[in-house]
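Colleague: predicted coordinates and the sequence they were generated for:
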Amino acid sequence: MGLKKLSVSLLSLMVIAGFAALLVWVSQQYGRHPDTMEQVLSQEENELTLSESEKSKNLLQVKLSPVLDSKLPMLKITTEKKNGVLFSQQETGMQLSIGKEKKKGGIKLLTYNDELEAKPSMALSFSEKTTLFEGGRGTQYTLLSGYHDKSLLRTLLTGRLYEYLGEDNQYSPFMKLVNVEVDGQYQGVYLLCENVEPGEDKIAIEGKAQATPKQSAFLMRQEPTEGFSSEDLKEGEDWFWMRRNNYRIRILSPAVSQRRKQEYATYCKDSLDHVYEDILNHNWWEITRELDISSAIRSLLTAEIANCSDEDRVNMYLYKEAGGKIAFGPFMGCDTAFGSEESGTSEEPFYQELMEIKAFRESFCKAYNRVAGETETFLHKKLNRIISLYGRDLENDYNYWEKDTDYGSEKMREAGSYEEQVTILQEWIHARFLRMSSLIREE
């Protein structure tokens, strides 16, 4: 009986000692002795949240410095909560500084399929139209990191190409290469782009809703089939599927009351479905009454010359004047243009079906033949100019981010040095015009 009591006592001591050791371990883990189990659980939840946030912490840990005597301007961002932008994809208040000029707004990280890239793009917003540098004037801007294009040249060249192919007074979004610093830490080179918005000096449509949908103008953007973030948007009110080509269309403007959203979305959808039906039926007379043909040709010229190969063009914009025609808008975020990712496809139902119509195809070929030679020269000169001014900055950025396996497409990783990237791009531009000219001669 005595031995049994002794064994029980020893067992009790072992349990107590084990529990005491557990308390010591917990104290070491959390930096203090926990008073209650609730505190332990609360601390564990905080630790778990922090560990998940570590995914984005590399934004702080960038061991990169701008080149000496950089010709790129420095855009400094200070978040309201230091490093707050790193731990949430929700918008965080910020102050943006360009030299002595300071502007307040919001910032959030942009992701694809909820995955945060090593060098994430960022969205900037302002409560009123804000001018950045010499050209931008809007409420929304994007800092593009070049996820599929570490050279940071392709979206910029596509934007310059679209601008070049338009008339002098036609809108093209402002784009500028900049150095970016967030909360005192240099992040590298980004492409600052103003977002496509309605306005007198932008897409020339009225941004406010009128009494009826027919009296209102619309700005729309095709959304991707994959990676679409609903952001609490509702089908049939904020976006819709087109009937015949399975396109997801987001309505960006105008803003209307909740009770009238469905009415305006239905009108917008019916307008697009109707013109697309006429395109499928080759009803050219009706098409010319409903669609801005010159904008379609300019858009298709840009897409074909640059070979914008996003399978679903998240950055394809359409707009409709009040009671008027549907027009094609500018391009944004074209990382996969200019041969960046040949595995993509440039198939675009609107373009494909329009090119099946003889009258449109002839107009497109004439437009291409008229501008081909001078456009190739323009692109080479523009590329050489960018490299002569900012080549050291871009190479410095590329050399740092190219080694990151989570950044960019595998095909581009095979290109080697930044100089090789530029050479590949120059050769691709020349080969592209040879190919297109050959195809058009066969028409």
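Modeller: Right, received. Where do you want to start? Numbers count the residues shown, from 1 in each chain.

Colleague: quick check, pLDDT for the spatially most central residue of the chain.
Modeller: The residue lying closest to the centre of the chain (CA atoms, centre = their mean) is residue 333, at 5.2 Å. As predicted, residue 333 sits at a pLDDT of 76.

Colleague: got it, and residue 295?
Modeller: 94.

Colleague: what sits against it?
Modeller: Residue 295 is in contact with 327, 328, 329, counting by CB atoms under 8 Å, 6 or more residues apart in numbering. Quick note: C-beta positions are derived from backbone N, CA and C, even for glycine.

Colleague: circling back to that earlier point, wasn't the residue nearest to the centre of the chain part of a strand?
Modeller: No - applying DSSP: H, G, I helix; E, B strand; the rest coil, one finds residue 333 to be coil, outside a strand.

Colleague: start the count at 39 instead of 1 going forward.
Modeller: Sure, I'll start numbering at 39, so the last one becomes residue 371.

Colleague: separation between it and residue 185?
Modeller: Noted for residue 371: a distance of 9 Å to residue 185, by CB to CB, to the nearest Å.

Colleague: just give me the closest of the contacts of residue 333 to residue 131.
Modeller: residue 367 (30.3 Å; CB to CB).

Colleague: put the alpha carbons of the helix or strand harbouring that closest one into PDB.
Modeller: According to DSSP states H and E, residue 367 maps onto strand 364-369. The C-alpha coordinates for strand 364-369 follow below in PDB (Å, rounded to 0.1, in the frame of the first residue of the first chain):
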ATOM      1  CA  ILE A 364     -19.500  52.100 -78.400                       C
ATOM      2  CA  ALA A 365     -15.800  52.800 -78.600                       C
ATOM      3  CA  PHE A 366     -12.500  51.000 -77.800                       C
ATOM      4  CA  GLY A 367     -10.400  52.600 -75.100                       C
ATOM      5  CA  PRO A 368      -6.700  52.600 -74.300                       C
ATOM      6  CA  PHE A 369      -4.500  49.800 -73.000                       C
END
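
Colleague: which other helices and strands does that strand contact?
Modeller: The elements that strand 364-369 packs onto, with contact taken as 3 or more CB pairs under 8 Å, 6 or more residues apart in numbering; DSSP states H and E, are helix 192-203, helix 299-318, helix 331-344, strand 354-358.

Colleague: tilt between it and strand 354-358?
Modeller: On the basis of axes from the mean of the first three to the mean of the last three CA atoms, to 10 degrees, strand 364-369 is oriented at 140 degrees to strand 354-358.

Colleague: quick check: next helix or strand after strand 364-369?
Modeller: Next along from strand 364-369, by DSSP H and E: helix 387-393.

Colleague: which ones are touching residue 198?
Modeller: By CB under 8 Å, 6+ apart, residue 198 lies in contact with 213, 417, 420.

Colleague: from residue 195, how far out is the last one?
Modeller: Computed with CB to CB, the distance linking residue 420 and residue 195 is 7 Å.

Colleague: higher neighbour count, those two?
Modeller: More crowded of residue 420 and residue 195, by other CB atoms under 10 Å: residue 195, with 23 against 16.

Colleague: quick one: secondary structure of the closest residue to residue 175 other than its chain neighbours?
Modeller: Among residues not flanking residue 175 along the chain, residue 169 sits closest, at 4.7 Å (CB to CB, 6 or more residues apart in numbering). Under three-state DSSP, residue 169 falls in the strand class.

Colleague: return the subset of the contacts of residue 198 lying in helices.
Modeller: Mapping the contacts of residue 198 onto helices (DSSP state H) picks out 417, 420.

Colleague: closest one of the contacts of residue 198 to residue 473?
Modeller: Closest approach between the contacts of residue 198 and residue 473, by CB to CB: residue 417, at 14.6 Å.

Colleague: contacts only, for the closest one.
Modeller: By CB under 8 Å, 6+ apart, the contact set of residue 417 is 195, 198, 199, 467.

Colleague: now the residues you listed in CSV, with distance to residue 147 and pLDDT?
Modeller: As requested, the contacts of residue 417 are exported to CSV (distance: CB to CB, whole Å; pLDDT from 0 to 100):
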residue, distance to residue 147, pLDDT
195, 25, 95
198, 27, 94
199, 29, 95
467, 33, 96
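
Colleague: farthest pair within those residues?
Modeller: Farthest pair in the contacts of residue 417, by CB to CB: 198 and 467, 12.3 Å.

Colleague: return the distance of the closest residue to residue 111 other than its chain neighbours relative to residue 306.
Modeller: Closest residue to residue 111 apart from its sequence neighbours, by CB to CB, 6+ apart: residue 216 at 5.5 Å. For residue 216, the distance to residue 306 equals 35 Å [CB to CB].

Colleague: so for the two, which sits in the more crowded spot?
Modeller: Taking other CB under 10 Å, residue 216 and residue 306 do not tie; residue 306 has more neighbours (21 against 18).

Colleague: now do the contacts for the more buried one.
Modeller: By CB under 8 Å, 6+ apart, the neighbours of residue 306 are 251, 256, 258, 278, 287, 289, 358.

Colleague: can you check residue 132 too?
Modeller: 115, 116, 117, 118, 123, 142, 143, 144, 145, 162.

Colleague: ok, now residue 168?
Modeller: The contact partners of residue 168, taken as CB under 8 Å, 6+ apart, are 141, 143, 174, 175, 176, 177.
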